[in-house]
Every structure is written in structure tokens, then in C-alpha cells.
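S.K.: need a structure here:
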Amino acid sequence: MSDSLITIVAILVAAILMFAFPLMSIADRNDDIAQTAVAAAVSDFVNTVRNEGKITEENYSAFRSKLDATGNAYDVEMEVKVKSSTIGKKTSWLSSTTVGSSVYYSVYTSQIMEEVEDEAKDNTYKLKEGDIFSVTAKNQSSTLAQVLKNAFYSVTGQGTQIVAQSSGVVQSTGN
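M.R.: Residues are numbered from 1 along each chain as shown. This next block holds a predicted model:
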């Protein structure tokens with residue numbers, strides 16, 4: 001009787017070692033690949049917007065399709081810190097140089113997307129030189145690696161997420 005029990009336990013342990021851990025390893029590698037792809041897509045999108053000075057429907061759609069190619073759903077948050085052209089610019093009586101710092105105000109994803117989706121504004125959100133543009137992409141769906149880690153390690157929550165962010169100063173005013 002005890003020999004049969006030991007044999008069954010040995011078969012279960014062997015099955016776990018032969019199938020579960022290699023599956024977890026492959027799933028982790030897939031998450032690493034997705035992380036790299038998302039980071040590259042976010043960086044490329046930010047660099048395109050920085051160089052062109054505008055967010056168009058075409059380049060946003062291309063960015064979303066790169067994210068969707070990973071097989072996960074992503075929440076994309078955009079922020080533009082618009083450099084105010086009047087506040088903070090002071091000149092001295094003796095010289096015409098600007099004294100002090102400029103003030104920035106923020107415009108967020110919903111406001112940006114309203115202009116990108118508005119045909120009256122040519123489906124374009126225009127930025128000007130000196131604005132700061134930033135993007136963060138986080139996965140919303142659980143990946144296979146997250147599900148397996150939660151099952152085997154009894155980890156609560158979603159575990160590690162695929163997150164990428166990038167930002168930069170706009171180099172040219174969009175036309």
C-alpha cells in the first residue's frame with residue numbers, strides 16, 4: 001500500500017517538474033518579450049511626437065496596433081505639459097533677457113484624444129517647442145505568467161505588470 005502511494009506522489013512531482021515549471025519559464029519569457037516590445041513602441045511614439053510636434057490619428061493608431069500585437073490589452077495615459085507663453089516671463093529694465101522660470105499646465109489623455117478624434121481640427125493635437133510629452137502604457141489583462149505565478153505561489157493580486165513609460169521635450173512646433 002505504501003509503495004503505491006509513494007509511486008503516485010512521485011508521478012505527480014515528476015509531472016509538475018516536467019510540465020508546470022517549463023511552462024512558467026516560457027510564459028515569463030513571453031512577458032519579457034512583451035515588455036521589450038511595449039517599451040520600444042512607447043519610446044518610438046514619444047520620439048515621433050517630439051520630432052513632429054503633433055499627435056495625429058495615424059501615428060496614435062500605429063502605436064495602438066503595436067501594443068495590440070503583443071496580445072494584451074493596455075491602458076495608455078498621455079500627458080502634455082504645455083509651456084505657458086506669458087506667465088513667468090519677466091524682463092528687467094536694463095536688459096531684454098527673460099528672468100525667472102516658465103509655468104507649465106497639464107493636458108491629459110481625454111483632452112488630447114478629443115482633438116485627435118475631431119475632424120474639424122484635422123485629427124491632430126498640435127504641440128509647440130518646449131512642451132513636455134509623456135506616455136505610460138500598462139497592461140490590463142492578466143498574462144499566462146501572472147496566472148501561473150498566482151496559482152503556484154499563492155500570490156494575491158496581479159503580480160508584475162507590463163509597464164512602459166517615456167517622456168521628452170518637444171523639439172519643433174507642429175504645423
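S.K.: Ignoring the adjacent residues along the chain, who's closest to Tyr104?
M.R.: Nearest non-adjacent residue to Tyr104, counting by Cβ to Cβ, 6 or more residues apart in numbering: Lys81, 4.1 Å away. Just so you know, the C-beta spots here come from the backbone N, C-alpha and C atoms, and that holds for glycine as well.
S.K.: for Glu129, same thing?
M.R.: Nearest to Glu129 is Thr173, by Cβ to Cβ, 6+ apart, at 5.0 Å.
S.K.: same check, this time on Ser84
M.R.: Val103 (4.6 Å).
S.K.: Asn123 too?
M.R.: For Asn123, ignoring the flanking residues on the chain, the nearest one in space by Cβ to Cβ, 6+ apart is Glu57 at 4.0 Å.
S.K.: now Val38
M.R.: Residue nearest to Val38 in three dimensions, not counting chain neighbours: Ala164, with 4.5 Å by Cβ to Cβ, 6+ apart.
S.K.: Heading C-terminal from the helix or strand hosting Ala37, find the next helix or strand.
M.R.: Ala37 belongs to helix 21-52 when assigned by DSSP states H and E. Going down the chain from helix 21-52, the next helix or strand is strand 54-56, by DSSP H and E.
S.K.: Check what contacts that following strand and list those residues.
M.R.: 49, 78, 112, 116, 123-127, 174-175 (Cβ atoms under 8 Å, 6 or more residues apart in numbering).
S.K.: Quick one, which of those are buried?
M.R.: Buried members of the contacts of strand 54-56, counted by 16 or more other Cβ atoms under 10 Å: 49, 78, 112, 116, 123-127, 174.
S.K.: coming back round to it: and whichever strand or helix holds the residue nearest to Val38, how far out from the chain middle?
M.R.: According to DSSP H and E, Ala164 maps onto strand 163-169. Centroid separation between strand 163-169 and its chain, computed with Cα atoms, centre = their mean, to the nearest Å, is 7 Å.
S.K.: Which strands or helices does the longest strand along the chain pack on?
M.R.: Taking DSSP state E as the criterion, the chain has its longest strand at strand 74-83. Contacts defined by 3 or more Cβ pairs under 8 Å, 6 or more residues apart in numbering; DSSP states H and E place strand 74-83 against helix 57-68, strand 104-108, helix 109-116, strand 132-139.
S.K.: Now do the residue nearest the centre of the chain against Lys66, distance only.
M.R.: The chain has Ala137 as the residue nearest its centroid, 2.0 Å off, counting by Cα atoms, centre = their mean. With distances taken as Cβ to Cβ, to the nearest Å, Ala137 is found 10 Å from Lys66.
S.K.: Okay then, goodbye and thanks.
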